[in-house]
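Visitor: from the sequence below, what's the structure:
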Amino acid sequence: MKQFSVKKLLLLALVCAMALILCGCKGGSGNTFPTSEPTQKAALDAVPTVLPTDEPEVDEGPAFVPAQVSQYAGASPVPLDPVDMPTPTPRPELTFTYVDMKAENLGIQFQMPGSFTRDDSVSGQITFTDPNTLDNVNATVTIKLASVSSEHKLEDLKEDIKNELALLGQYNYTDWSTTDATARRLMGKDGYYADYRGVMVDGTIVRGRVQMALMDNNLLLTMEYRAPGWFNSSYKNVFDNLRSTLEAYSAE
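Guide: A predicted model of the protein is given here:
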C-alpha cells in the first residue's frame with residue numbers, strides 16, 4: 001500500500017511539472033501582442049498653392065480694387081497654370097508707326113498707328129482696332145464726344161468713370177478689378193482716369209484705361225483703350241501718344 005502511494009505521488013509530480021512547462025511556453029508567446037491600440041499618424045499639412053505671376057504692372061496710380069462681378073460674368077474663375085510651370089518669357093515691346101489723323105465730326109485731330117483700322121459708324125465715336133490678334137485679343141482705342149447738361153461738374157466725372165467701368169466689365173469676365181479715379185488733364189481741361197484689369201471666361205487677361213474730361217460747351221470727352229494684358233505697356237504707349245497729340249481740329 002505504501003509502495004503504491006509513492007509511485008502515485010511520483011507520477012502526479014511528473015504530470016504537474018509538464019503542465020508548468022506548457023503554461024510557461026504559452027505565457028511567453030502572449031507577450032508579443034500590444035497592450036493598447038496603435039496611435040494613428042497625423043495627416044500632413046496641405047501645402048499652400050502660390051499662383052504664378054501673370055502680366056506685370058506697368059502703370060503708376062492707385063492699387064486695383066476688386067469690383068462686384070455681374071451675374072453674367074461666369075460661375076467660377078478659370079485656374080491659372082500650375083505653380084511649377086516655367087516663368088513665361090517676357091513679351092517684347094511692340095512698335096508702331098504713327099500718322100496724323102483728323103476727325104471733323106468730333107472737331108479733333110491726333111496721331112494713331114497707321115496700321116490700325118478705323119470705324120466711324122457710331123455717331124459721336126471713333127474706334128481704332130489693331131488687326132494683329134495677340135493672346136486672343138485685338139487691342140482697341142475709342143474716342144467719344146457727348147453732350148452733358150450744364151449742371152454736370154468735374155466731380156461728376158468720377159461717377160461717370162465708375163459707371164463706364166461697370167459697363168465694360170459687365171459681361172464675359174470671371175474677375176474684374178479697377179483703380180480709383182485719379183486726376184489728369186486732357187486737351188488742357190481737367191478730368192480723371194481709372195484703369196481696369198479683367199480675366200475673361202477663357203482665362204484671357206485684358207487691361208485698359210478710361211479717361212474723361214469736361215470740354216467747353218458742355219461736352220464730355222471720353223477716351224478708352226483695351227489691350228491684351230501681357231502687352232499692356234505697348235498699347236498704353238499708343239494711348240499716351242494719342243492723349244499728348246490730341247488737339248482741336250484745324251481745317252488748314
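
Visitor: then the helix or strand in which Leu167 is found to PDB, C-alphas only?
Guide: If you go by DSSP states H and E, Leu167 is part of helix 156-168. Output of helix 156-168 as PDB, limited to C-alpha atoms (Å, rounded to 0.1, in the frame of the first residue of the first chain):
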ATOM      1  CA  ASP A 156     -19.400 114.100 -61.600                       C
ATOM      2  CA  LEU A 157     -16.800 112.500 -63.800                       C
ATOM      3  CA  LYS A 158     -15.700 110.200 -61.000                       C
ATOM      4  CA  GLU A 159     -19.200 108.600 -61.100                       C
ATOM      5  CA  ASP A 160     -19.200 108.700 -64.900                       C
ATOM      6  CA  ILE A 161     -15.900 106.700 -65.000                       C
ATOM      7  CA  LYS A 162     -17.200 104.300 -62.400                       C
ATOM      8  CA  ASN A 163     -20.300 103.600 -64.500                       C
ATOM      9  CA  GLU A 164     -18.300 103.200 -67.700                       C
ATOM     10  CA  LEU A 165     -16.000 100.700 -66.000                       C
ATOM     11  CA  ALA A 166     -19.000  98.800 -64.700                       C
ATOM     12  CA  LEU A 167     -20.500  98.600 -68.200                       C
ATOM     13  CA  LEU A 168     -17.200  97.400 -69.600                       C
END
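
Visitor: what average pLDDT does it get?
Guide: Helix 156-168 shows a mean pLDDT of 95.

Visitor: buried stuff in that helix?
Guide: For helix 156-168, the neighbour count (16 or more other CB atoms under 10 Å) marks Leu157, Lys158, Asp160, Ile161, Lys162, Glu164, Leu165, Leu168 as buried. Where you see a C-beta, it was placed from the backbone N, CA and C, and this is true even at glycine.
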